[in-house]
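A.B. asks: let me see the structure of the following:
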Amino acid sequence: MAGGEWFAPRAEERVHARVRVPGSKSETNRALVLAAIADGPSTITGGLDARDTQLMRDALRALGTTIDDGTDVWRVTPAADDHRMGGTIDCGLAGTVMRFVPPLAATVPGTVTFDGDEAARSRPMLPLLDALTDIGADLDDSDALPFTLTGRPDLPGGPVNIDASTSSQYVSALLLAAPRFARGIDLRHVGPTLPSLPHIAMTVAMLRERGVDVDQPEEHRWVVAPGPVQARDVTIEPDLSNAAPFLAAALVTEGRVTVHDWPAETDQPGAMLVDLFSAMGARVELTEDGLTLTGTGHVRALEADLSAASELTPVLAAVCALAHGTSHLTGIGHIRGHETDRLAALEAELHGLGAAVSQHEDGLTIHPRLLHGGTWRTYADHRMAQAGAVLGLVVDDITLDDIGCTSKTMPQFPELWDDMLAQSDRWLARDVAEHPEDGDEAAQDAP
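C.D. replies: Sure thing, here's the model as predicted:
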């Protein structure tokens, strides 16, 4: 998708729309890794086709995996036993690639260098690299991207401690590759906090679905036995975190948005949106048709610990800037190490539009003020772009400096956003046609 400036469209009426969001990035990339080490070929239906998942497919191909992704059903065939890796694996800005692939590469013969975008070189990696060294991997002495790794099929594995306070992806990365280690893994998290626990739960569930023996004898300890990973054909759930801006659109415009195919049960952190947006004043209903959020005309302030779903922070912060009252978002100190320093970015951009925002060690405090237009910098961060789009619905003249960064997890975001607003136009026109006596009132009620 082309990048560049994007004038965030204003909602001229309440947003009424039905939306289908693409597949979950978290589930897609975990499914790809597990398919790459399975005991036979398998298929992935509805996988997310975006930059992060393309980088994952290319990385796994460098390890010898064959991936036929020419249709909506991807066929994944594990590498031949005699494959040797080499060259450079491009991680882009994808945390799942830079963290999930090295433990797997550590079990493949050959030498490979991991590198990525400039911003990726400042993302934390040292706890994972140290843990890999502790279980027998051969790495250079780098503490971040780029680094070079030489694989060995007899990688010992075994007991290892890790401080995953800065990213739960370290834990998932080691668990996903652990069936390939000679002794499996006995992994303990030893840090003060552990963010994004639902993502670890997703990893454990997907391992168990493929016949892998995963035990959790105590809190923050996982024991994975070595052995085969059963090939399994899977269908990917829609990405619930990427539904956040569309649901937020209904909340801030007193509209109604339905996200199709919302799962009744899921390990995705985005499922927390139901409770979070309900706390902010929305009416939320889950039916066979999907999840429907209806704005009530009053956006309440939010006090929430987002440690389990920190990727929701940018969109929620944007909504908080439109709320009635002061909001406190906590449990998110670790997002300083995400695609950008999201706390600093949100503080700067919301302040630039007129809000009063302050950082603290563990999160943000947001005092709403009358907002005005301006340039919203995205920092090459897809979640920041989504937040700016939400604000643009109700604040005149907001311009995002680069909409192209949404290609990381949703290349079609601008088109889906425009379609949402076009559906709203059709809804208003139909409503006025059916109730002409209410036409002027409906127009006056538009935000």
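A.B. asks: mind listing what's buried in the biggest helix by length in the chain?
C.D. replies: Looking across the chain with DSSP state H, the single longest helix is helix 413-434. In terms of neighbour count (16 or more other Cβ atoms under 10 Å), helix 413-434 has its buried residues at 413, 414, 416, 417, 420, 421, 423, 424, 427, 428, 431, 432. C-beta coordinates here come from the backbone N, C-alpha and C atoms, glycine included.
A.B. asks: restricting to C-alpha, output the one helix or strand residue 54 maps to in PDB.
C.D. replies: For residue 54, the host element (DSSP states H and E) is helix 51-62. The C-alpha coordinates for helix 51-62 follow below in PDB (Å, rounded to 0.1, in the frame of the first residue of the first chain):
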ATOM      1  CA  ARG A  51       3.800  -7.100   5.900                       C
ATOM      2  CA  ASP A  52       4.400  -8.800   9.300                       C
ATOM      3  CA  THR A  53       3.100 -12.100   8.000                       C
ATOM      4  CA  GLN A  54       4.900 -11.800   4.700                       C
ATOM      5  CA  LEU A  55       8.200 -11.300   6.600                       C
ATOM      6  CA  MET A  56       7.400 -14.400   8.700                       C
ATOM      7  CA  ARG A  57       6.800 -16.500   5.600                       C
ATOM      8  CA  ASP A  58      10.000 -15.300   4.000                       C
ATOM      9  CA  ALA A  59      11.900 -16.000   7.200                       C
ATOM     10  CA  LEU A  60      10.600 -19.600   7.400                       C
ATOM     11  CA  ARG A  61      11.400 -20.100   3.700                       C
ATOM     12  CA  ALA A  62      15.000 -19.200   4.600                       C
END
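A.B. asks: packing partners of it?
C.D. replies: helix 25-36, strand 66-68, strand 88-90, helix 95-105 (3 or more Cβ pairs under 8 Å, 6 or more residues apart in numbering; DSSP states H and E).
A.B. asks: any idea how far the residue lying closest to residue 109 once chain neighbours are set aside lies from residue 121?
C.D. replies: In this structure, residue 109 finds its nearest non-sequential neighbour in residue 84, 4.8 Å apart by Cβ to Cβ, 6 or more residues apart in numbering. Separation of residue 84 from residue 121 (Cβ to Cβ, to the nearest Å): 27 Å.
A.B. asks: contacts for the helix holding residue 54?
C.D. replies: Contact partners of helix 51-62, identified using Cβ atoms under 8 Å, 6 or more residues apart in numbering, comprise 25, 28-29, 32-33, 36, 47, 67, 69, 76, 85-87, 89-92, 94, 96-97, 100-101, 112, 407-409, 411.
A.B. asks: taking those residues, please make a ChimeraX selection of just the buried ones.
C.D. replies: Provided next is the ChimeraX selection string for whichever of these are buried by 16+ other Cβ under 10 Å:
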select :25,28,29,32,33,36,47,67,69,76,85,89,90,91,92,94,96,97,100,101,112,407,408,409,411
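A.B. asks: near residue 264, how many other residues are there?
C.D. replies: The local packing of residue 264 (other Cβ atoms under 10 Å) involves 8 other residues.
A.B. asks: not counting sequence-adjacent ones, nearest residue to it?
C.D. replies: residue 286 (6.9 Å).
A.B. asks: what sits against the one you found?
C.D. replies: Residue 286 neighbours (Cβ under 8 Å, 6+ apart): 262, 264, 274, 292.
A.B. asks: wasn't the third one part of a helix?
C.D. replies: Yes. The assignment for residue 274 by DSSP: H, G, I helix; E, B strand; the rest coil puts it in a helix.
A.B. asks: residue ranges with poor pLDDT in the stretch 1-150 of the chain?
C.D. replies: For the stretch 1-150 of the chain, the stretches with pLDDT under 70 are 1-3.
A.B. asks: and the helix holding residue 54, what's buried?
C.D. replies: Buried residues in helix 51-62 (16+ other Cβ under 10 Å): 51, 52, 53, 54, 55, 56, 57, 59, 60, 62.
A.B. asks: what secondary structure does residue 153 sit in?
C.D. replies: At residue 153 the chain is in coil, as set by three-state DSSP.
A.B. asks: tell me where the stretch 301-447 of the chain has strands.
C.D. replies: Taking DSSP state E, counting those that start in this stretch as the criterion, the stretch 301-447 of the chain carries its strands at 303-305, 327-330, 356-360, 363-367, 374-376, 398-400.
A.B. asks: typo on my end, the stretch 51-200 of the chain
C.D. replies: So, for the stretch 51-200 of the chain - with DSSP E, counting those that start in this stretch - the strands run 66-68, 73-77, 88-90, 110-115, 138-139, 147-151, 158-162, 185-189.
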